[in-house]
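Q: the following comprises the amino acid sequence and a computationally predicted model.
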Amino acid sequence: MATPQNPPLRPDPGLLNPEQLEKLRNFKIQTRIANEKYLRTHKEVELLLSGFFREMFLKRPDNVLEFAADYFTDPRLPNKIHMQLIKDKK
């Protein structure tokens, strides 16, 4: 029985060359730094997410998407976050 011949391998057009890999690595680093700076200057983001996770883990809803929609559209949420920001500054 004859074994099938493998066609010659061609360079993968999706592969990055070393220069591109370095640029990508630098881009990722700069993006992480920018994100970290943003989060440090916007404490409300941490309060929004930690509050959501706390409530989700306490209530353990069956429908997480519906729970998230209800949580983030609660008209009292902005005031809750504002009050937490004031409390945290004291």
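A: Looks like it arrived, so ask away. Residues are numbered from 1 along each chain as shown.
Q: show me what the longest helix that the chain contains is packed up against.
A: In terms of residue count, the longest helix belonging to the chain (DSSP state H) is helix 18-41. In this structure, helix 18-41 packs against helix 43-59, with contacts taken as 3 or more Cβ pairs under 8 Å, 6 or more residues apart in numbering; DSSP states H and E. In short, each C-beta sits where N, CA and C put it, glycine included.
Q: what does the helix or strand that comes right after the helix it packs on contact?
A: The first helix or strand that comes after helix 43-59 along the chain, using DSSP states H and E, is helix 64-72. Residues outside helix 64-72 that contact it (Cβ atoms under 8 Å, 6 or more residues apart in numbering): Leu48, Phe52, Glu55, Met56, Lys59, Pro61, Leu77.
Q: same thing with stretch 45-61?
A: Tyr38, Leu39, Val64, Phe67, Ala68, Tyr71, Phe72, Leu77, Lys80, Ile81, Gln84, Leu85.
Q: from Gly14, how far out is the residue nearest the centre of the chain?
A: Centrality entry for the chain: nearest residue to the mean C-alpha point is Asn35, 9.9 Å, by Cα atoms, centre = their mean. Going from Asn35 to Gly14 by Cβ to Cβ, to the nearest Å gives 26 Å.
Q: kindly report the same for Arg32.
A: Going from Arg32 to Gly14 by Cβ to Cβ gives 24 Å.
Q: the two: which has the busier surroundings?
A: When neighbours are counted by other Cβ atoms under 10 Å, Arg32 comes out ahead of the other of Arg32 and Gly14, with 10 against 5.
Q: could you check the angle helix 64-72 makes with the helix or strand of the chain with the lowest mean pLDDT?
A: Ranking every helix and strand in the chain by mean pLDDT, DSSP states H and E puts helix 77-89 at the bottom, with a mean of 91. With axes from the mean of the first three to the mean of the last three Cα atoms, to 10 degrees as the criterion, the two stretches helix 77-89 and helix 64-72 enclose an angle of 70 degrees.
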